[in-house]
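Peer 1: just the structure for this:
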Amino acid sequence: MEILSPLGEETICYLGPHAPHLTPKEIDLLHAAWLDLSNEMAPEELHHHDVIHLALNELIVAMEHGNSSRERILNDLRDHLRDIQGRRTTNH
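Peer 2: Prediction:
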């Protein structure tokens, strides 16, 4: 939702699910993937959100592909959660 004040100041409020907080490591991973893909896609213009869109779609397809893919993804996610245990903040 966009709110414009009488002075022309703009405030943007997101309704529904909140935008995720990305750590510097996640930003670095995204940027590295974006750089690599941007080089391959030239002269097409590629944005970071395009990479996120592709990655999330690929994840969903892999999760639906079969039990072995789903189990591998869940195990990888469990490993990641164990690796970051103790560093996680309570804010999501």
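
Peer 1: so where do the helices sit in this protein?
Peer 2: Here the chain has its helices, by DSSP state H, at 24-41, 48-65, 67-84.

Peer 1: nearest to residue 5, out of the ones you listed?
Peer 2: helix 48-65 (28.1 Å; C-beta to C-beta). The way it works is simple: take the backbone N, C-alpha and C, and place the C-beta from them, glycine included.

Peer 1: report the buried residues of the closest one.
Peer 2: For helix 48-65, burial by neighbour count (16 or more other C-beta atoms under 10 Å) applies to residue 51.

Peer 1: swap in stretch 23-39?
Peer 2: For stretch 23-39, by 16+ other C-beta under 10 Å, it's 30, 34, 38.

Peer 1: quick one, what contacts the second one?
Peer 2: Spelled out, that is residue 34. 46, 47, 48, 51 (C-beta atoms under 8 Å, 6 or more residues apart in numbering).

Peer 1: any idea of the pLDDT on the second one?
Peer 2: Listed pLDDT for residue 47 reads 97.

Peer 1: same thing with residue 12?
Peer 2: 84.

Peer 1: that one reaches residue 19, doesn't it?
Peer 2: No. Applying C-beta atoms under 8 Å as the test, residue 12 and residue 19 come out as separate, 10.7 Å apart.

Peer 1: hang on, the earlier thing: mind checking which of the helices of the chain is nearest residue 1?
Peer 2: helix 48-65 (19.9 Å).

Peer 1: which residues touch that closest one?
Peer 2: 30, 31, 33, 34, 37, 69, 70, 73.

Peer 1: look up how far residue 44 lies from the fifth one.
Peer 2: Read that as residue 37. As judged by C-beta to C-beta, to the nearest Å, residue 37 and residue 44 stand 10 Å apart.

Peer 1: could you do the last one as well?
Peer 2: When distance is defined by C-beta to C-beta, residue 73 is 29 Å away from residue 44.

Peer 1: how about residue 33: what's its closest non-neighbour residue?
Peer 2: residue 51 (5.2 Å; C-beta to C-beta, 6 or more residues apart in numbering).

Peer 1: reformat the contacts of residue 34 as TSV; add distance to residue 84.
Peer 2: TSV is the format used below for those (distance: C-beta to C-beta, whole Å):
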residue	distance to residue 84
46	28
47	27
48	22
51	22
